[in-house]
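Colleague: Provided below are the primary sequence and the corresponding predicted coordinates.
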Amino acid sequence: MKEIALVAERRSTGKRASKDVRNSGFIPGIYYAQGDENINIKVKPLALRPIVYTSLTRLVNLQFEGESNNRLCFLKDVNFDPVTDQIVHFDLQGIKEDQKVTVEVPFQLIGQPVGVRQGGKLMQTLHKIKIKCLPNDMVESLEANISKLAMGDVLYLKDINTENLEIELPEDTVIARVSKPRGGVATAQESK
């Protein structure tokens, strides 16, 4: 899994302090981990872009200016201003090497199904899923090659490699299917 370095500064707390942080061109945030103290932080907006504006789950190597110890974490939550759509606050959850964490990762479908080339329609019903795993087993996304799906075929959760991952959904959960188009439009192969 790709790890992104994020340099942060410690900040003071309170409603007025957060407003002052935003006015000075930073974004306020918090780092927390089980068994550790919460650390109020601030970062430049550009530093958060590769972490926030992606569909993939990324590990963050949090570094503090003037300190040598780094902390491994991931983006747990982000708040946006409803009018300007600017980031106003973010939460980073710390990770311990021996503790399992729960993260939400996206499904990425690879390839074009045979059934779509025959006139079918690909319907993805599950776009993200929560997984529980150790930090070393964490993945950015779950991938599935769908190029062999024919008309009427279904891709189930049990068809995906989920080794070392705990998933709470049943194995027969549908991820994607190739359906016949509505209206009974015949494809070139069906009319022969």
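Modeller: Done, it's in.

Colleague: switch to C-alpha atoms for all contacts and neighbour counts from now on
Modeller: OK.

Colleague: helices along the chain, start to end?
Modeller: Ranges of helices in the chain, per DSSP state H, are 15-23, 45-52, 114-117.

Colleague: Glu97 - how many residues pack around it?
Modeller: By the measure other Cα atoms under 10 Å, the count of residues near Glu97 is 10.

Colleague: how much space separates it from Ser141?
Modeller: Taking Cα to Cα, to the nearest Å as the measure, Glu97 and Ser141 are separated by 20 Å.

Colleague: what's the domain layout of the chain?
Modeller: Using automatic domain parsing, the domain ranges for the chain come out as 3-94, 101-179.

Colleague: rebuild those as JSON lines, extending it with mean neighbour count.
Modeller: Shown next, in JSON lines, are the domains of the chain (neighbours: other Cα atoms under 10 Å):
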{"stretch": "domain 3-94", "mean neighbour count": "16"}
{"stretch": "domain 101-179", "mean neighbour count": "16"}
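
Colleague: can I get those domains in a markdown table with mean pLDDT?
Modeller: Rendered in a markdown table, the data for those read as follows (pLDDT from 0 to 100):
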| stretch | mean pLDDT |
| --- | --- |
| domain 3-94 | 90 |
| domain 101-179 | 91 |
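
Colleague: list the contacts for the residue nearest the centre of the chain?
Modeller: Ranked by distance to the mean C-alpha position of the chain (Cα atoms, centre = their mean), the top residue is Thr57 at 3.6 Å. Contacts here follow Cα atoms under 8 Å, 6 or more residues apart in numbering; on that basis Thr57 touches Phe74, Val103, Glu104, Val105, Pro106, Val139, Glu140, Ser141.
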